[in-house]
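Chemist: A structural model of the following input is requested.
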Amino acid sequence: MANIQTRTTEDNRVMHTARIRIKGYPQQTATFSRLTDAKQWAQKTEAKIREGIHFSQAEAKRHTFADMVERYIKTVLTNKSAKIQYQYAQQLRKWCSFLGDLTLDKITPALIAEQRENLATEITPRSTLRSPASVNRYLAALSSVFSIAIKEWQWIDENPVKKINKLRENKGRERFLSAEEIDRLLQACKESYNKNLYLVVVLSLSTGARRMEIWGLRWADIDLNAGKAIIRETKNK
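Modeler: Residues are numbered from 1 along each chain as shown. Next comes the predicted model:
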């Protein structure tokens with residue numbers, strides 16, 4: 001519960017110190033020149049402590065966005081695949097260029113939405129615009145960091161990314177190669193300086209597997225006698 005102590009300073013100012021003691025939580029104190037302010041602070045802070053949100057708000061003010069990203073890269077991203085590590089690190093450093101110096105309590109859905117538009121309209125090093133799908137992947141990487149900061153570190157209470165809309169992605173036209181086109185493609189692969197290209201394309205045409213799924217194959221995934229290969233983490237059915 002909260003109590004308020006009033007004292008007069010050496011320069012004859014009246015100050016009011018509010019103290020909150022709740023079993024299982026650190027004592028919280030704050031001093032005000034007005035008694036009304038002290039009572040309001042005590043009431044609001046005690047309510048937030050009992051609701052379990054006060055200390056995460058304090059953590060949000062203590063850590064910057066860059067702090068959060070750095071910890072995520074060092075402690076979480078290292079457990080991901082090499083592909084995810086590269087993509088997320090690149091995407092998160094881009095977010096840091098927008099938000100890095102801000103404390104977490106300053107990161108709002110409106111601010112994320114503003115930077116989403118910046119990502120969509122910015123010219124990339126390849127002199128092109130990012131596709132809606134690419135921007136959405138940047139949002140997904142950011143959302144993952146906030147989720148960890150909520151669940152494991154208790155630095156924040158809410159994920160601001162979940163409160164904004166993703167960009168509408170263009171649906172590509174589905175098209176299949178003709179037999180003649182496949183022959184030309186395979187012939188070009190045979191003539192390529194990359195000795196592995198032909199095998200990769202044959203596997204892709206045969207299974208529908210993606211490039212990184214094929215490159216990720218291990219000998220343990222291949223049964224030469226049965227003529228089978230296990231494609232891991234594929235979305236194809």
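Chemist: what sits against the spatially most central residue of the chain?
Modeler: With distances taken as CA atoms, centre = their mean, Leu142 lies nearest the centre of the chain, 2.3 Å away. If you count contacts by CB atoms under 8 Å, 6 or more residues apart in numbering, Leu142 has them with Gln91, Leu92, Trp95, Ile112, Val161. Every C-beta, even on glycine, is put in place using the N, C-alpha and C of the backbone.
Chemist: if you set the cut-off to 10 Å instead, what comes out?
Modeler: Leu142 is in contact with 65, 69, 88, 91-92, 94-95, 99, 107, 112, 115-116, 159-161, counting by CB atoms under 10 Å, 6 or more residues apart in numbering.
Chemist: give me the pLDDT for it.
Modeler: Listed pLDDT for Leu142 reads 96.
Chemist: after whichever strand or helix holds it comes which helix or strand?
Modeler: Using DSSP states H and E, Leu142 maps to helix 132-151. Per DSSP H and E, the first helix or strand lying C-terminal to helix 132-151 is helix 179-191.
Chemist: what's that following helix packed up against?
Modeler: helix 197-207 (3 or more CB pairs under 10 Å, 6 or more residues apart in numbering; DSSP states H and E).
Chemist: buried set for the helix it packs on?
Modeler: Neighbour-count burial for helix 197-207, with 16 or more other CB atoms under 10 Å as criterion, is recorded at Tyr198, Val200, Val201, Leu203.
Chemist: can you pull up the bridge partners for Ile4?
Modeler: Bridge pairing for Ile4 (DSSP bridges) gives the partners Ala18.
Chemist: just checking, it touches His16?
Modeler: Yes. With contact defined as CB atoms under 10 Å, Ile4 reaches His16; the gap is 5.5 Å.
Chemist: shared neighbours, these two?
Modeler: Thr31, Phe32, Leu35, Ala38, Lys39, Trp41, Ala42.
Chemist: now do the same contact list for the fifth one.
Modeler: By CB under 10 Å, 6+ apart, the contact set of Lys39 is Ala2, Ile4, His16, Ala18, Phe32.
Chemist: Ala113 against Ile164, yeah?
Modeler: Yes. Counting by CB under 10 Å, Ala113 does reach Ile164; the two are 4.7 Å apart.
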